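# With the input below, show me the fold.
(one chain, ligands or ions: 1)
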Amino acid sequence: MKLNKYSFGIGDRFARQGLAQLMAFQKSLENNLLITPVWNKSYREHKTVHSIPQSVRNEADEAVKVSGWEHEYRVDADHINLTNVEDFIESSDFFTIDVAEYINSKVEEEEIEQFIKINSKFIGEIEIPSIPEPFYIGRDFLWHIGEKFLGAIMEAAKIYQYIKVKKGPSFIAEVSMDEVEEPQTPVELFMILSGLAQYGVEIQTIAPKFTGRFNKGVDYVGDVKTFQKEFEEDLLVIDYAIREFNLPANLKLSVHSGSDKFSIYESIHNTIKKYDKGVHVKTAGTTWLEELAGLALSGRQGLDLAKEIYSKALVRYDELTGPYATVINIRRENLPQPKEVNRWDSIKFSQTLRHDQNNPNYNPEFRQLLHVAYKIAAESGDQFISLVNDNKDIIGPLVTENILNKHIDPIFSGKKIV
Ligand SMILES: [Zn+2]
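Predicted coordinates for the structure are as follows:
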C-alpha cells in the first residue's frame, strides 16, 4: 500500500463534517491537484468524546460514497502506541506510531555497540547533496544517538511488527517523535532513519519535532527562516537516506502542524516545489471550531450554546488544558470574561474565534481555549450534535473553505491566504 505524494490530514472530533471536508479535496482536484485526504483521530480524542475508531472509518467511507471520490483516502490511527493499537487495527490503514516518550529510554549497551558498528562507515564528514555544509559524525555522536533514540526506534519496531502481523502489507506506517520539547536536528533524523531501517520499520512518513512552537489551532511561533532551513535539510536528508538505507522511495516528511501554521506554509510550499518532493501535513481537529463558529452565526440557540461552552471551559480551565500543556500557550489575562462574552452578537463571537489575523476581533487565547473545550460539547450530547445537524448549511461551507483556502491552497498551490 502506497501513499500519494501529497496528502493532508484532517480531524473531525464529532464525525459530522466528513463530506464538507472532502469537498475541499474535490475542489482542489478540479484544479488538477490530487491530494489524498487522511482522516486522523487520536486515542486521546476518542477517549474524550467516547467514540470508537470504527466511527472514523464509517465517516470516511460514507463521505467518499456520497461524493463519488474515486481516489485514494486513508484513516489514520493517530499517535498510537502498543497499549492502544489493537482498537485501531481493523478500521485504520494508516498508523502514526508515536514513540516520543521512549526517547532517552534505557537500552542495552550491546544494542548501542551494534548500532555504532553498523553506522561506523559514516564516521567522519558526510556530504549530503544540496546541503552546503557537511555533517561531522564522530563515534561519540553515534553513542549519543544510540542512547537517545535507540529505545524509541526499537519500540517503533515492536509496534510496527505488531501491526504487520495483524494486517499484512496493507497499511501505511508513520513514526512520530513530535510531541517533545526539543527538536531533532537533520543529522539526528538521518541516524534515526538508519536505525528504523536496521530494525525493519518500513515507514512512508516521518514526523520529527521541528524547531519552534506548534500550538494547537494558532499560528507558528518561532523563527521562520530557521524552520525553513531545517525543513529543507530534513527533506534532503530523507532523500539521501532512502538510497543509503533502502527505505521506501516515497518516504516523506510529515508535519504535525497542530493546524493553522500559516506563516510557514510558504516555506513548505517553496521547498517541496524546489525539489519536487511530497509532504504530509496533519492538522488538529479545528473543524470543530468551524462548527462552533457556525453555531454562533446561526443565531440564538447556537450562539447561546457557544457562549455556554466558553463559560464552562473557563471554569474547567486546568482540566481541559492539562492534557495539551506542551501544545498550547494561553495568556490567561487575555481571555475575555463570560460577562462580556454573553453580550456579544453572532458576528463578534465568530470573528473572535476564527483565525483571521487581519480581523481586530480575532483572539488567539479565546481560540486555543475553545479548541481544547470539545469535551464540554461532547458532554452536552444531543444538544450540540442536533444543533450542528440543523445548521449544516451554515457550517459545511465554513469547514470546506477553511481547509481549502487556509491550508490546501497555500501549502500545495502556493496561493496566498485570502
Ligand atoms: Zn503529532
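# ok, now how distant is the residue of the stretch 101-250 of the chain at minimum distance from the ion from I272?
Closest contact between the stretch 101-250 of the chain and the ion, by CB to the ion, is at D178 (4.3 Å). Bear in mind the C-beta positions are built from the backbone N, C-alpha and C, glycine included. As for D178, its distance to I272 is 18 Å (criterion: CB to CB, to the nearest Å).
# Ok, N250 next?
Distance, N250 to I272, using CB to CB: 13 Å.
# what does I347 give?
37 Å.
# same thing with R243?
R243 is 19 Å from I272, by CB to CB.
# Between the two, point out the one with more neighbours.
For R243 versus I272, neighbours defined as other CB atoms under 10 Å are more numerous around I272 (22 against 9).
# In terms of pLDDT, where does that one sit?
Per-residue pLDDT puts I272 at 98.
# who touches it in this structure?
By CB atoms under 8 Å, 6 or more residues apart in numbering, the contact set of I272 is L235, G278, V279.
# what about the second one, distance to F214?
This points to G278. Taken as CB to CB, the span from G278 to F214 is 20 Å.
# is stretch 239-259 anywhere near the ion?
Yes: using CB under 5 Å from the ion, we find that stretch 239-259 touches the ion at H256.
# Leaving out sequence neighbours, find the closest residue to the residue of the chain found nearest the ion.
Nearest residue of the chain to the ion (CB to the ion) works out as H256 at 3.2 Å. Spatial nearest neighbour of H256, chain neighbours left out: D178 (4.5 Å); criterion: CB to CB, 6 or more residues apart in numbering.
# got the contact list for that neighbour?
If you count contacts by CB under 8 Å, 6+ apart, then D178 has A100, A207, P208, K209, F210, F214, H256 around it.
# How much space separates the fifth one from D223?
Between F210 and D223 the computed distance is 11 Å (CB to CB).
# Between these two, point out the one with more neighbours.
Comparing F210 with D223 by other CB under 10 Å, the one with more neighbours is F210, at 23 against 12.
# can I assume the more buried one is in contact with E233?
No: with contacts counted by CB atoms under 8 Å, F210 stays clear of E233, the gap being 11.1 Å.
# Which one (most neighbours) among the contacts of D178?
Neighbour max across the contacts of D178 (other CB under 10 Å) = H256, 28 neighbours.
# Enumerate every residue touching that one.
Contacts for H256 (CB under 8 Å, 6+ apart) come out as S176, D178, E179, A207, F214, K282.
# Quick check on it: phi, psi?
Dihedral pair for H256: phi -80, psi 90, per degrees, to the nearest 10.
# The one 5 residues further on now?
Here is the backbone geometry of K261 (degrees, to the nearest 10): phi -90, psi 60.
# likewise A373?
Dihedral angles (degrees, to the nearest 10) for A373: phi -90, psi 10.
# name the helices or strands packed onto the helix or strand containing S194?
Using DSSP states H and E, S194 falls within helix 186-198. Packed against helix 186-198 by the contact rule (3 or more CB pairs under 8 Å, 6 or more residues apart in numbering; DSSP states H and E) you find helix 109-119, strand 135-137, helix 139-167, strand 205-207, helix 224-245.
# run the last query once more with 7 Å
helix 109-119, helix 139-167, helix 224-245 (3 or more CB pairs under 7 Å, 6 or more residues apart in numbering; DSSP states H and E).
# In a markdown table: these, plus mean pLDDT.
Shown next, in a markdown table, are these (pLDDT from 0 to 100):
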| stretch | mean pLDDT |
| --- | --- |
| helix 109-119 | 97 |
| helix 139-167 | 97 |
| helix 224-245 | 97 |
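# buried stuff in the helix or strand that contains F25?
Assigning secondary structure by DSSP H and E places F25 in helix 18-30. With burial defined by 16 or more other CB atoms under 10 Å, the residues of helix 18-30 counted as buried are G18, L19, A20, Q21, L22, M23, A24, F25, Q26, K27, S28.
# can you check stretch 274-285 too?
Residues of stretch 274-285 classed as buried by neighbour count (16+ other CB under 10 Å): K277, G278, V279, H280, V281, K282, T283, A284, G285.
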